[in-house]
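1. Task: produce atomic coordinates for the following.
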Amino acid sequence: QVQLVESGGGLVQAGGSLRLSCAASGRTFSFYGMGWFRQAPGKEREFVASISWGGSTTYYADSVKGRFTISRDNAKNMVYLQMNILKPEDTAVYYCAAHKSSLQIGKAEGDFGSWGQGTQVTVSS
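-> Now for the predicted structure:
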């Protein structure tokens, strides 16, 4: 099991930027794919982005492609989500997640077995 703690959320105007951070501890971080998901009020949690264990492969939801960038620093056990050109529809609680299995990358919520507590991102118009 891995413990995940997100930070970096907040209130930002449309068009602005935020960088979310996720600190991981527990198991060998560098062997596991990581992801970011989000859940807006009244909606189901949805995939945002994921990154492979070494960082060479990334996936993005169509809604954030070109605006968000996922990255990781295995030496620091950190995952990041750089969010640019934010829109009001990006408002949600953002969750960091670790893949259930080593050396795997996924997009489905069921692929991930460990979750952080979430950080709120609010984008005003």
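2. Tell me where the longest strand sits in the chain.
-> With residue count as the measure and DSSP state E as the assignment, the chain has strand 92-102 as its longest strand.
3. which parts of that one are buried?
-> Of all the residues in strand 92-102, those buried under the rule 16 or more other CB atoms under 10 Å are 92-99. Placement of C-beta: from N, CA and C, glycine included.
4. Stretch 106-125 now?
-> 106, 111-112, 114-116, 118-119, 121, 123.
5. okay, those residues in a markdown table with distance to residue 12, pLDDT and secondary structure next?
-> Listed next are the buried residues of stretch 106-125 as a markdown table, based on distance: CB to CB, whole Å; pLDDT from 0 to 100; DSSP: H, G, I helix; E, B strand; the rest coil:
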| residue | distance to residue 12 | pLDDT | secondary structure |
| --- | --- | --- | --- |
| 106 | 29 | 91 | coil |
| 111 | 29 | 94 | helix |
| 112 | 26 | 95 | strand |
| 114 | 27 | 94 | strand |
| 115 | 24 | 97 | strand |
| 116 | 20 | 97 | coil |
| 118 | 17 | 98 | coil |
| 119 | 13 | 98 | strand |
| 121 | 8 | 98 | strand |
| 123 | 6 | 98 | strand |
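6. re the thing from before, wait, which of the buried residues of strand 92-102 is closest to residue 5?
-> Nearest to residue 5, judged by CB to CB, of these is residue 96 at 8.0 Å.
7. The helix or strand hosting residue 24 pairs with which strands, and in what direction?
-> Mapping residue 24 onto the secondary structure by DSSP states H and E places it in strand 18-25. Applying DSSP bridges, strand 18-25 is found paired with strand 3-7 (antiparallel), strand 78-83 (antiparallel).
8. Save those as CSV, and put in mean neighbour count too.
-> Below are the strands paired with strand 18-25 laid out as CSV (neighbours: other CB atoms under 10 Å):
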stretch, mean neighbour count
strand 3-7, 16
strand 78-83, 22
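9. On the strand side of things, show who residue 122 bridges to.
-> Counting by DSSP bridges, the residues bridging with residue 122 are residue 11.
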